[in-house]
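Novice: mind looking at a prediction? Sequence and model below.
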Amino acid sequence: MQQCTVLRPAGQVERETLMRVQEEAATSINLCYQCGKCSAGCPVAFAMDYTPRQVIRLLQLNLVEEALGAESIWICATCETCSTRCPRGVDITALMDTLRREALRQGRITDRKVAAFNQAFLEGVRKYGRLYEAGLLLEHNLKTGQPFKDAQLGLPMLRRGKASMFPEKIRNRDQIKKIFDRVREMRGESK
C-alpha cells in the first residue's frame, strides 16, 4: 500500500534531474492538475505501482527518486493513450520514456529483464533500421541468462512466417545510425 507523502523541498540534485527530465521530454509537469484522465485510459495501469497521474504527482512533490524507482516507468507500453487524453497537453508518454532513460543513466534499474529488452530493441533498430524479432529475443534471452526461454515457439513462428531467421535490412540504414549517434551526442553518451 502506498503512503501519502507531503511536498518537501527538492535538493539540488533532484531539481537538476527534474529540470533535465522535463527539458528532455519537452513537457512541463506543472501543467498537470491531476484530473486522472491519463490513468483512466491507461491500458496497463492495473499492473503499475503508480498510475501515470501518480508518477506526475511524485514529480510535482519533488519525489524524483521515488519516480525513478517506480516499476511503472518500465511497465508503460508507450501507447500514448495518456498523452492523447490529457486536456492540458502534458506529454506523459515522453516523461515516462525520459524517466526510463534517466533511471538507466543512474543505474537505477528495477527490472533488469525490461532494461535488457529495451537495450536489445534499440540496438536492433540501430543495426537494421527495423525490428529483427529473432535477434531481439536471442539477445534479450542471453543478456537475462535464459538462453532457451520460449525456444519451443521459434520453429512454429518461422513456419508461419511470423519471424525470420535473418534480419531484413532497410535502405539507407546509415541514416538511422546517424539519428542514434545524434541522440547519443545530445545526451553526452559515448558510441
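Specialist: In hand now; what should we look at?
Novice: can I see the domain layout of this structure?
Specialist: The chain breaks down by automatic domain parsing into domains covering 12-105, 112-187.
Novice: out of those domains, deepest packed?
Specialist: domain 12-105 (a mean of 18; mean count of other CB atoms under 10 Å). In this view, the C-beta of every residue, glycine as well, is placed from N, C-alpha and C.
Novice: just how off-centre is that one within its chain?
Specialist: Between the centre of domain 12-105 and the centre of its chain there are 10 Å (CA atoms, centre = their mean, to the nearest Å).
Novice: what is the mean pLDDT for the longest helix seen in the chain?
Specialist: In the chain, taking DSSP state H as the definition, the longest helix is helix 112-128. Average pLDDT, helix 112-128: 83.
Novice: quick check: next helix or strand after it?
Specialist: Remark: after helix 112-128, the chain's next helix or strand is helix 133-143, criterion DSSP states H and E.
Novice: and that next one, how far from the chain's centre?
Specialist: Worked out by CA atoms, centre = their mean, helix 133-143 lies 18 Å from the chain centre.
Novice: quick one: average confidence on the following helix or strand past that helix?
Specialist: Using DSSP H and E, the next helix or strand after helix 133-143 towards the C-terminus is helix 151-159. Mean pLDDT, helix 151-159: 81.
Novice: for helix 151-159, name the packing helices and strands.
Specialist: If contacts are counted by 3 or more CB pairs under 8 Å, 6 or more residues apart in numbering; DSSP states H and E, helix 151-159 sits against helix 133-143.
Novice: give me the angle between the helix it packs on and helix 151-159.
Specialist: 170 degrees (axes from the mean of the first three to the mean of the last three CA atoms, to 10 degrees).
Novice: export helix 133-143 to CSV, keeping only CA atoms.
Specialist: Taking C-alpha atoms only, helix 133-143 is exported to CSV below (Å, rounded to 0.1, in the frame of the first residue of the first chain):
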residue,chain,number,x,y,z
GLU,A,133,12.4,-10.2,-33.8
ALA,A,134,14.6,-13.3,-33.7
GLY,A,135,17.7,-11.2,-32.9
LEU,A,136,15.8,-9.3,-30.3
LEU,A,137,14.7,-12.4,-28.5
LEU,A,138,18.1,-14.1,-28.7
GLU,A,139,19.9,-11.0,-27.4
HIS,A,140,17.4,-10.5,-24.6
ASN,A,141,17.5,-14.1,-23.5
LEU,A,142,21.3,-14.2,-23.5
LYS,A,143,21.5,-10.9,-21.5
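Novice: where among the domains of the chain is average confidence lowest?
Specialist: Among the domains of the chain, domain 112-187 scores lowest, with a mean of 83.
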